[in-house]
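K.L.:
This is a predicted model, with the sequence first.
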Amino acid sequence: MNIFSPIKQPLLIALGGMLLTIAVTAAPQVNAQTTRSDLPTGASSGFEVGVSTLGVYISPKFAISDKIAVRVPLYTGKITDTFTYDGNTVTTSVDATAFAVMADFHPWQNGFRVSAGAGFGGYSATGNITDPTLSGTTFAGTFDFAVNQKNNVVPVISIGYVRPLGRRVSILAEVGAKIGTYEVVTTGNTIDPLLQPTFDAEVAAVNADISDVKAIPFATLGIQINF
């Protein structure tokens with residue numbers, strides 16, 4: 001178990017829901033485009049607003065051609081939670097302030113898009129644990145910790161579908177991943193020198209678990225306003 005375990009299941013459920021939404025909306029859109037020539041197709045300029053597992057977001061969007069657009073999603077969100085880690089009660093606060101620069105490619109000039117870009121910032125967590133017992137050893141005191149993304153700039157990839165509701169308004173669904181790793185840093189009470197190697201080994205073990213997480217998946221639902 002690592003610090004990301006409590007959010008894995010809701011993320012997977014959200015991803016499944018987004019994939020289903022994309023599959024359901026794709027087919028009706030093909031027919032709509034053949035009967036409503038006034039509806040936007042392919043890349044378009046405007047802005048998006050919605051909710052994501054990365055936080056609530058707003059994103060200006062600029063069409064370069066019928067197939068390519070550039071957007072800059074800005075995310076913000078904060079969650080405070082208390083959970084159990086190896087029998088210890090942990091209080092943590094997760095901040096999701098971030099933004100990205102994304103290029104959208106519409107290969108068939110319809111609502112389907114493939115996107116890639118760079119993300120700046122992302123999930124960071126701070127918290128504390130009191131008198132933790134780790135691998136049978138109890139460490140007296142309250143220890144603060146931080147979980148941070150190792151690199152401030154990371155690659156982002158996604159696929160999505162934008163379905164017009166009219167000439168100005170569309171709904172969208174997107175799933176993707178931020179490619180990056182995280183690490184834990186701890187501060188707090190002075191530890192008995194005899195126990196310091198054991199404590200350091202426990203922190204290293206947590207970081208080893210976190211290093212297995214090579215990407216953070218995300219899912220998005222939103223509305224696009226077309227200019």
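P.N.:
Great, that's in hand.

K.L.:
Please make it C-alpha for all contacts and neighbour counts, starting now.
P.N.:
Noted.

K.L.:
Distance-wise, check the nearest residue to K78 once chain neighbours are set aside relative to G55.
P.N.:
Distances taken as Cα to Cα, 6 or more residues apart in numbering put D95 closest to K78, at 4.5 Å, once the chain neighbours are dropped. Going from D95 to G55 by Cα to Cα, to the nearest Å gives 9 Å.

K.L.:
Give the residue farthest from the middle of this structure.
P.N.:
L194 (40.0 Å; Cα atoms, centre = their mean).

K.L.:
how close does that residue get to F139?
P.N.:
11 Å.

K.L.:
element containing the closest residue to S65 other than its chain neighbours?
P.N.:
Once flanking residues are discounted, S65 sits nearest to A43: 6.8 Å by Cα to Cα, 6+ apart. If you go by DSSP states H and E, A43 is not part of any helix or strand.

K.L.:
hang on, A43 packs against V70?
P.N.:
No. With contact defined as Cα atoms under 8 Å, A43 does not reach V70; the gap is 9.1 Å.

K.L.:
Name the residue in these two with the higher neighbour count.
P.N.:
A43 (26 against 22; other Cα atoms under 10 Å).

K.L.:
Grab the nearest non-local neighbour of F143.
P.N.:
The nearest residue in space to F143 (Cα to Cα, 6+ apart) is G188, at 4.3 Å.

K.L.:
Could I get the contacting residues of the one you found?
P.N.:
Going by Cα atoms under 8 Å, 6 or more residues apart in numbering, G188 touches 141-144.

K.L.:
Distance to T91 and pLDDT for these - can I get that in TSV?
P.N.:
Below are these laid out as TSV (distance: Cα to Cα, whole Å; pLDDT from 0 to 100):
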residue	distance to T91	pLDDT
G141	14	87
T142	11	88
F143	11	90
D144	10	93
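
K.L.:
Could you save these as CSV and add columns showing distance to G117, secondary structure and neighbour count?
P.N.:
Below are the contacts of G188 laid out as CSV (distance: Cα to Cα, whole Å; DSSP: H, G, I helix; E, B strand; the rest coil; neighbours: other Cα atoms under 10 Å):
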residue, distance to G117, secondary structure, neighbour count
G141, 43, coil, 14
T142, 40, strand, 15
F143, 37, strand, 17
D144, 34, strand, 18
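
K.L.:
got any residues that touch both of A43 and V70?
P.N.:
63-64, 104.

K.L.:
Just the buried ones from the residues you listed?
P.N.:
Burial by neighbour count, 16 or more other Cα atoms under 10 Å: within the shared contacts of A43 and V70 this picks out 63, 104.

K.L.:
So which of the shared contacts of A43 and V70 belong to strands?
P.N.:
63, 104 (DSSP state E).

K.L.:
Name the nearest of the shared contacts of A43 and V70 relative to G166.
P.N.:
A63 (18.1 Å; Cα to Cα).

K.L.:
what residue ranges in the chain score low on pLDDT?
P.N.:
1-41 (pLDDT under 70).

K.L.:
all helices for it, in order.
P.N.:
5-35, 196-211 (DSSP state H).

K.L.:
Count the neighbours of T76 for me.
P.N.:
T76 has 18 nearby residues by other Cα under 10 Å.

K.L.:
same question, A204
P.N.:
A204, neighbours per other Cα under 10 Å, totals 15.

K.L.:
next one: the one 5 residues further on
P.N.:
One way to gauge burial is a neighbour count; for D209, by other Cα under 10 Å, it gives 16.
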